[in-house]
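S.K.: Would you be able to build a 3D model of this:
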Amino acid sequence: METEPVETSVRKAVGAMRLPVVVGVDGSEGSLRALDWAAAEAARSEHPLRVVHASLWERYEGMHPDSDSERPTEKALAEHLVATARERAQRLGPEVAVTASVEPEDPVATLVRESHEAAMVVLGSRGRGRIAGMLLGSVSLALAGRSHCPVVVIPARTPDTLPQSGRVVVGISDAAEPSAATVFALAQAASRHGELVAVRAWRRPAHHAVVHPLISGSPASAHHRQAEEHLEEVLARLDRTGAPDVTIQRSVVQGPVHQELIEAAKGAELLVVGARRPSGWHGTHLGPVNHAMLHYAPCPVAVVPDAYHRPEPGPDTD
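M.R.: Below is the predicted model:
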């Protein structure tokens, strides 16, 4: 019987101390892309990988069996789907500890529950039901608004621009302190030994007093300077512990946030945005910028809840 190399066994033991990267699979091409991305992420970050299939996925996405007699077949197909996905993940990352399960409930409830004890949840942007032709599946949209950890949505098509290795883009909000999304983005850039592009988009107020430019300078220039100063203040407060070698690029641009982020995401490996939720909110709550990113971004998108705190590494994992 062939045994694993000692190094592989040690890495699996280390990974088991950390929260898993959870990936939702439904047998679609999109979920295979998500599985491949999640396996690569787990290998890079030395986290375990958990593969999950919710057996009611088809009902949630709009497909219904013709009769109750099909249920045993559904169970067998679900078990085969998960076993195949686990084997694929193990081939892609032999050093990763992989677990898999079929859960007898709808996918959003399953993945929201999993998000309580996950480093992130990964899934494809489209399902395989009757609404699979939509740009964004209902599971992806609902989970992004309800997850307790970052959700990474993998686009259905290959980007037109080849990604630059290690490039992570994050949108900087109006908040004075670094957001959870900014902290997460820095960690992602560090794990890739890459660079972080911090984008601060601003728009001139629709009703702005007109002042002679020779007296006080251009109003547009003043707004641009304010945006630059705000970006510098936020980045100055960003804890660089664990990411001292990450290069941070500043991008201060005038225009709608969603348009500027989509433009900046061309050639990126990952785009990170935050999700603000009112206190006590338990339903789906995504702003227009998040919706635009999930529908149109040319690269994987991570939606990070504003209350998310990145777990500390386990003992002896540095």
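S.K.: Name the helix or strand for V153, please.
M.R.: V153 is part of strand 151-154 when elements are defined by DSSP states H and E.
S.K.: helices or strands up against that strand?
M.R.: Counting contacts by 3 or more CB pairs under 8 Å, 6 or more residues apart in numbering; DSSP states H and E, strand 151-154 is packed against helix 29-45, strand 120-124, helix 138-146, strand 301-305. (Each C-beta comes from the backbone N, C-alpha and C, glycine too.)
S.K.: Following that strand in sequence, what is the next regular element?
M.R.: Heading C-terminal from strand 151-154, the first helix or strand you meet, by DSSP H and E, is strand 167-171.
S.K.: Tell me who's in contact with P104.
M.R.: By CB atoms under 8 Å, 6 or more residues apart in numbering, the contact list for P104 reads A54, S55, L56.
S.K.: Now flag whichever of those is closest to Q164.
M.R.: Using CB to CB, A54 comes nearest to Q164 of the contacts of P104, at 34.9 Å.
S.K.: I'd like the distance between the residue lying closest to that closest one once chain neighbours are set aside and V303.
M.R.: Leaving out its chain neighbours, the residue that sits closest to A54 by CB to CB, 6 or more residues apart in numbering is P107, at 3.8 Å. The gap separating P107 from V303 is 16 Å, by CB to CB, to the nearest Å.
S.K.: Burial check on the closest residue to Q90 other than its chain neighbours, number of neighbours?
M.R.: Of all residues not flanking Q90 in the chain, V98 sits nearest, at 5.3 Å (CB to CB, 6+ apart). For V98, the tally of surrounding residues (other CB atoms under 10 Å) stands at 22.
S.K.: still on that earlier bit, of all the contacts of P104, which comes closest to E103?
M.R.: For these, the residue nearest E103 by CB to CB is A54; the value is 5.0 Å.
S.K.: quick one, the one helix or strand V82 maps to and helix 29-45 angle?
M.R.: With secondary structure defined by DSSP H and E, V82 is part of helix 71-92. Taking axes from the mean of the first three to the mean of the last three CA atoms, to 10 degrees, helix 71-92 and helix 29-45 form an angle of 40 degrees between their directions.
S.K.: which residues sit against helix 71-92?
M.R.: For helix 71-92, the external contacting residues (CB under 8 Å, 6+ apart) are 23, 25-27, 31-32, 35-36, 38-40, 43, 49, 51, 53, 55, 58, 65, 96, 98-102.
S.K.: hmm, back to that, highest neighbour count among the contacts of P104?
M.R.: A54 (25 neighbours).
S.K.: Next one: M293 from T182, what distance?
M.R.: From M293 to T182 the distance is 15 Å (CB to CB).
S.K.: re the thing from before, continuing past the helix holding V82, what's the next helix or strand?
M.R.: Per DSSP H and E, the first helix or strand lying C-terminal to helix 71-92 is strand 98-103.
S.K.: Buried residues in the next helix or strand after that following strand, which are they?
M.R.: Proceeding N to C from strand 98-103, the next assigned helix or strand is helix 107-115, under DSSP H and E. Residues P107, V108, A109, T110, L111, V112, E114, S115 are the ones in helix 107-115 that count as buried (16 or more other CB atoms under 10 Å).
S.K.: Could you check how far the second one is from S173?
M.R.: So the one you mean is V108. 26 Å.
S.K.: which one of the contacts of P104 is nearest E229?
M.R.: Of the contacts of P104, the one sitting nearest to E229 (CB to CB) turns out to be A54, at 46.9 Å.
S.K.: got the residue ranges for the strands in the stretch 201-318 of the chain?
M.R.: Secondary structure of the stretch 201-318 of the chain (DSSP state E, counting those that start in this stretch): strands at 247-254, 270-275, 301-305.
S.K.: Give me the contact list for the first one.
M.R.: By CB under 8 Å, 6+ apart, the residues outside strand 247-254 that reach it are 194-204, 220, 223-224, 227-228, 231-232, 235, 260, 264.
S.K.: ok, now with 6 Å
M.R.: Under the contact criterion CB atoms under 6 Å, 6 or more residues apart in numbering, strand 247-254 has outside partners E195, L196, V197, A198, V199, R200, A201, W202, A227, E228, L231, E260.
S.K.: circling back to that earlier point, chain center to the strand holding V153: distance?
M.R.: Its chain's C-alpha centre and that of strand 151-154 lie 4 Å apart, by CA atoms, centre = their mean, to the nearest Å.
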